[in-house]
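# sequence plus predicted model, see below.
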Amino acid sequence: MIGLVFFLFIAVVFNQNFTSFFNSNEYKNIEIEKIYADAATKDSLQREMANFWKPVPLEEITDSVFKKKVGYGKELIEHTAKYLGPNGSVQQTSNGMNCNNCHLDAGTKPWGNNYGSVYSTYPKMRARSGKIENLFKRINDCFERSLNGKALPENSSEMQAMIAYIEYIGKNVPKDSTALASGIRDIKLMNRAASPAKGKPLYETKCASCHQTNGQGVLNETQTEYTYPPLWGENSYNKGAGLFRISRFAGFIKYNMPLGATYDNPQLTDEESWDIAAYVESLDRPNKDLSADWPKIGKKPFDHPFGPFEDKYSEQQHKYGPFIAMKKEKKKREEAEELLKKKEKK
C-alpha cells in the first residue's frame with residue numbers, strides 16, 4: 001500500500017512538472033512567433049511608407065518672388081479663415097474652417113487627403129460635374145462646399161498663390177500618374193450598415209475632447225479660426241462636400257483621428273471609423289444645391305446619399321450601407337456599359 005501511494009505521488013508530481021514544462025515552452029513559442037510576426041509587419045509597413053509621396057521642399061525655391069508666392073499659398077491653406085473667413089483680413093468668403101482641416105499638414109500628410117496627385121492629374125474630367133475641370137475650379141469647389149462659402153476670382157492673389165503652392169509641392173509626380181498615399185485610403189466595407197447609434201458613444205469617447213460634445217469645435221483666442229473644426233452645424237462643411245460621403249469620412253478618420261493617429265499607428269478600428277462617420281453625417285449641416293451634380297446618374301459613387309439612382313437601393317442605404325452588394329452591382333453595370341461601348345466601336 002505504501003509503495004502504491006508513493007508511486008501515485010511521484011506520478012502526479014512528474015505529470016505536473018512535465019505539463020508545466022511543456023506549457024511553458026509552448027507559451028514561449030507562441031510569444032516568439034508573435035514577436036517575429038510583429039517585426040515582419042513593422043518591416044513591411046516601413047518599406048511601404050518609404051515609398052509614400054513626399055512634397056517638394058519649399059526650401060529648394062531660389063526665386064525670391066516665387067518663393068513668397070508659394071509661401072503665401074501654404075499660409076492660406078493652413079490658415080484660410082484668418083484671411084478669408086467670417087472675420088478674414090482679405091475678405092469674408094468662407095465658414096471659418098481652414099483647408100488644413102481636411103487636407104492635413106497643409107496637404108502633405110500621407111493618407112491625410114493630401115495634394116500629392118493634384119498637379120499630376122489636373123485638368124481632368126470629373127463625373128460630378130460632367131466636365132473637364134482645372135485646378136482653379138477644383139479649389140473653388142472646396143470653397144463652395146467644404147468651406148460653405150463663395151468662389152474666389154481666378155486672378156486673385158489668393159487663388160494664384162494656392163495654385164502655385166499645390167502645383168509646386170506635387171511637381172515631383174509624373175503627369176497622369178497617382179502618388180502613393182495621396183488622397184484618402186479606402187477601408188474595408190462592412191457586412192452591415194454603419195450605425196449612428198453605435199457611433200455616438202464612440203464619438204463622445206474618442207472625438208469630443210477636441211471637437212466638443214456638440215460638434216461645434218473650438219475657436220482660437222482671437223476668434224479668427226478653429227483650433228479644432230466643427231463637424232456639423234452651420235459652420236461646418238455642407239452636404240455637397242466630399243467628406244459628406246461616408247466612405248470618405250470613415251477613411252479619413254481611420255488613419256488621422258483622434259489627434260496623433262497615423263497610417264502605421266491608427267487608433268480606431270474599421271468598424272469604429274464607419275460608425276463614428278455615420279453619427280457625424282447623421283447630424284444637421286448646411287444644404288447645397290446639388291441639382292447640377294452627376295449629370296450621368298450611373299456615375300454617382302455607391303455612397304452618394306441623394307437620388308435618383310440607377311439601382312433599387314434607398315437613399316438611406318446609399319448613405320449608411322450595407323454597401324457590398326450595391327458596389328458589386330454597380331461594378332457589373334459599369335463593365336456591361338464598357339463592353340457595349342467596345343462593341344459599338346467595332
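All right, it came through fine.
# lowest-confidence helix or strand of the protein?
Using mean pLDDT, DSSP states H and E, helix 2-50 stands out as the lowest-scoring helix or strand of the chain, at a mean of 64.
# count of neighbours near Ser177?
As a burial measure, Ser177 scores 10 neighbours (other Cβ atoms under 10 Å). Every C-beta, even on glycine, is put in place using the N, C-alpha and C of the backbone.
# I figured it hits Gly170, correct?
No: between Ser177 and Gly170 there is no contact under Cβ atoms under 8 Å: 10.9 Å.
# list the contacts of Val173.
Shown in contact with Val173 (Cβ atoms under 8 Å, 6 or more residues apart in numbering): Trp53, Gly116, Ser117, Tyr119, Ser120, Ala179.
# state the distance from the second one to Pro110.
Separation of Gly116 from Pro110 (Cβ to Cβ, to the nearest Å): 8 Å.
# and for the two, which residues touch both?
Common neighbours of Gly116 and Pro110 (Cβ under 8 Å, 6+ apart) are Trp53, Ala181.
# so those two - more neighbours on which side?
Remark: of Gly116 and Pro110, Gly116 carries more neighbours, 26 against 23, as counted by other Cβ under 10 Å.
# ok, the more buried one - contacts?
Gly116 makes contacts with Trp53, Pro55, Thr108, Gly170, Val173, Ala179, Leu180, Ala181, Ser182, Gly183, as judged by Cβ under 8 Å, 6+ apart.
# which of those residues are buried?
The neighbour count (16 or more other Cβ atoms under 10 Å) marks Trp53, Pro55, Thr108, Gly170, Val173, Ala179, Leu180, Ala181, Ser182, Gly183 as buried among the contacts of Gly116.
# restricted to helices, list these.
Taking DSSP state H, every one of these sits outside helices.
# can you lay out these as a markdown table showing pLDDT and distance to Glu78?
As requested, those are exported to a markdown table (pLDDT from 0 to 100; distance: Cβ to Cβ, whole Å):
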| residue | pLDDT | distance to Glu78 |
| --- | --- | --- |
| Trp53 | 98 | 19 |
| Pro55 | 98 | 13 |
| Thr108 | 98 | 11 |
| Gly170 | 98 | 17 |
| Val173 | 98 | 22 |
| Ala179 | 97 | 21 |
| Leu180 | 97 | 24 |
| Ala181 | 97 | 20 |
| Ser182 | 97 | 19 |
| Gly183 | 96 | 19 |
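# nearest to Thr80, of those residues?
Nearest to Thr80 among those, counting by Cβ to Cβ, is Thr108 at 15.8 Å.
# ramachandran angles for the nearest residue to that closest one once chain neighbours are set aside?
In space, and not counting its chain neighbours, Thr108 is closest to Pro55: 4.6 Å by Cβ to Cβ, 6 or more residues apart in numbering. Phi and psi for Pro55, reported as degrees, to the nearest 10, are phi -70, psi 150.
# is it true that Pro55 touches Glu167?
No: Pro55 is beyond contact range of Glu167, at 11.3 Å (criterion: Cβ under 8 Å).
# quick check: neighbours shared by Ser177 and Gly170?
Shared contacts of Ser177 and Gly170, defined by Cβ under 8 Å, 6+ apart, are found at Ser117, Ser120.
# okay, which residue is most central for the chain?
When Cα atoms, centre = their mean is applied to the chain, the residue found nearest the centroid is Phe252 (2.0 Å).
# per-residue confidence for that one?
Looking at Phe252, its pLDDT is 98.
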